[in-house]
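In: return atomic coordinates for the entry below.
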Amino acid sequence: MKKRQFAFLLLVVVLLSSCSILQSSSSFMKIEQGMTQQEVISLCGEPQYKRFDEVGEEWEYRAFLSNNWSIIVINFAEGRVVALDMFKEPDQSIATLPVSPVNPPITGISPTYPPTQRPNQKPGHNRPSSQRGMSDKEFTEFYNSVRSGFSSDRLKKVRAVDLTSAQCQKLIGLFPFTDEKIEAMIEMYPRVIDKQNYYKVIDLLTFTSEKDKVRASIERYNKNNR
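Out: Residues are numbered from 1 along each chain as shown. Here you go, the predicted model:
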């Protein structure tokens, strides 16, 4: 009898917890520009992370939205909401080891070109690269550093290190908007170790026109560095 009562109480706790998560999730859709920090807390509770500088403050939440765990980033200026980003939490299961493709669909990309210059840089403004890459532990630390920083600083960080294509795939998930994803893909490419696999990163984009934009920039880079 006692076991049944315990099981029933456990079920009630689980159901209440689930309802709490769903309620918290739907609350994010009610956030509007101009709301105060206290109004946001009343709707969504305290954030998991807080960041600030001389310009403003950034709060980060994690919630279950549309059958996926998502990251919600809210930006404040002078104590009021000025921006809100929602994006699916990156898949933690993406392997960090490169896998050789059968038929890479991108022409003009070669793993032998020295990744010392960003695609948008002019010749002569090269940047040294060790091409050592990161271990799994180093990448986990780097990923958490990029994720916990301001959105505006993420691009600066990801273009300054040597990465595998699989690691780039995971980092792209930290950029919520398509324009940001495209810029990050272009900036990360020169320092990617396994360039033959970079088509997998580009395939994360939805539309052909978006993919073509990245491919065109990469092909210009390869042409200039032959």
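
In: now the helices for the chain?
Out: Using DSSP state H, the helices of the chain run over 2-27, 37-44, 136-148, 151-158, 165-172, 178-188, 199-202, 208-224.

In: helix or strand with the lowest mean pLDDT in the chain?
Out: For the chain, using mean pLDDT, DSSP states H and E, the weakest element among its helices and strands is helix 2-27, scoring a mean of 52.

In: now Cys168, nearest residue through space, not along the chain?
Out: Distance criterion C-beta to C-beta, 6 or more residues apart in numbering; nearest residue to Cys168, sequence neighbours excluded, is Val201 at 4.7 Å. To be clear about C-beta, it is placed using only N, CA and C from the backbone, and glycine gets the same treatment.

In: if you could redo that for Leu204, that was the one I meant.
Out: Nearest one to Leu204, counting by C-beta to C-beta, 6+ apart, is Ile172 at 5.5 Å.

In: quick one: contacts for the one you found?
Out: 181, 184-185, 201, 204 (C-beta atoms under 8 Å, 6 or more residues apart in numbering).

In: please check those and keep the buried ones.
Out: Neighbour counting over these (16 or more other C-beta atoms under 10 Å) leaves 181, 184-185, 201 as the buried ones.

In: my guess is Pro190 contacts Asn224. True?
Out: No - Pro190 is beyond contact range of Asn224, at 10.6 Å (criterion: C-beta atoms under 8 Å).

In: more neighbours: the two, which one.
Out: Neighbour count, other C-beta atoms under 10 Å: between Pro190 and Asn224, Pro190 has more, with 25 against 13.

In: good, we can wrap up now.
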